[in-house]
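K.L.:
Fold the following.
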Amino acid sequence: MRSLLLLAAVVSCAGADVSSYAGQWSGQARLWLGPAKPETIHIRIDITSDGAVTGLIGGAKCRDGRLANRTWWQLRSFNRYDIRVDCVLSGAIAPGVVRERGTVALIPGGTGLRGWFFSEGHDGFPLFPPTQARAGDLVLRRR
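P.N.:
Take a look at the predicted model:
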């Protein structure tokens with residue numbers, strides 16, 4: 001019986017069809033890097049009907065990206081987004097901010113998608129603990 005309930009929870013949390021987000025999306029977000037004044041970065045992502053994602057996050061190319069719905073485990077952990085994009089980054093997001101991987105977490109609403117971007121990295125100092133780069137107030141609109 002427990003297995004049946006778990007399977008029902010997994011199926012019910014699958015969310016919307018990934019292909020419904022296919023297209024070009026663009027917008028901007030405020031990038032926070034510690035106590036410094038936030039910097040505005042531009043984000044453009046191209047989503048294909050099979051969920052593959054490419055684009056730009058700030059000045060970094062987003063490649064090998066995948067669009068995914070929130071899983072049942074993420075629902076249980078109280079994450080507040082419906083879909084996410086995980087991608088490999090090449091280049092600097094902002095001057096001096098280089099990351100290898102990034103995630104864009106999105107919530108559909110109104111005429112677009114809203115959410116945030118986050119990643120961790122060493123910024124050229126591998127012996128120090130990783131720092132986070134977070135961009136909030138992200139709003140993407142279909143182009």
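K.L.:
Ala94: neighbouring residues, count only.
P.N.:
17 (other Cβ atoms under 10 Å). Just so you know, the C-beta spots here come from the backbone N, C-alpha and C atoms, and that holds for glycine as well.
K.L.:
Next: the one 10 residues further on.
P.N.:
The local packing of Val104 (other Cβ under 10 Å) involves 29 other residues.
K.L.:
my read is it is in a helix, agree?
P.N.:
No: per DSSP: H, G, I helix; E, B strand; the rest coil, Val104 lies outside any helix segment and is strand.
K.L.:
how near is the closest residue to it other than its chain neighbours to Arg101?
P.N.:
Among residues not flanking Val104 along the chain, Val85 sits closest, at 4.3 Å (Cβ to Cβ, 6 or more residues apart in numbering). Val85 sits 11 Å away from Arg101, going by Cβ to Cβ, to the nearest Å.
K.L.:
cool, and Ala60?
P.N.:
Taken as Cβ to Cβ, the span from Ala60 to Arg101 is 10 Å.
K.L.:
Now list whatever residues contact both of these two.
P.N.:
Leu89 (Cβ atoms under 8 Å, 6 or more residues apart in numbering).
K.L.:
out of those two, which sits in the busier spot?
P.N.:
Ala60 (23 against 13).
K.L.:
which other helices and strands contact the longest strand along the chain?
P.N.:
Criterion DSSP state E: the longest strand present in the chain is strand 131-142. Here strand 131-142 touches strand 23-32, strand 39-47, strand 101-109, strand 112-121, going by 3 or more Cβ pairs under 8 Å, 6 or more residues apart in numbering; DSSP states H and E.
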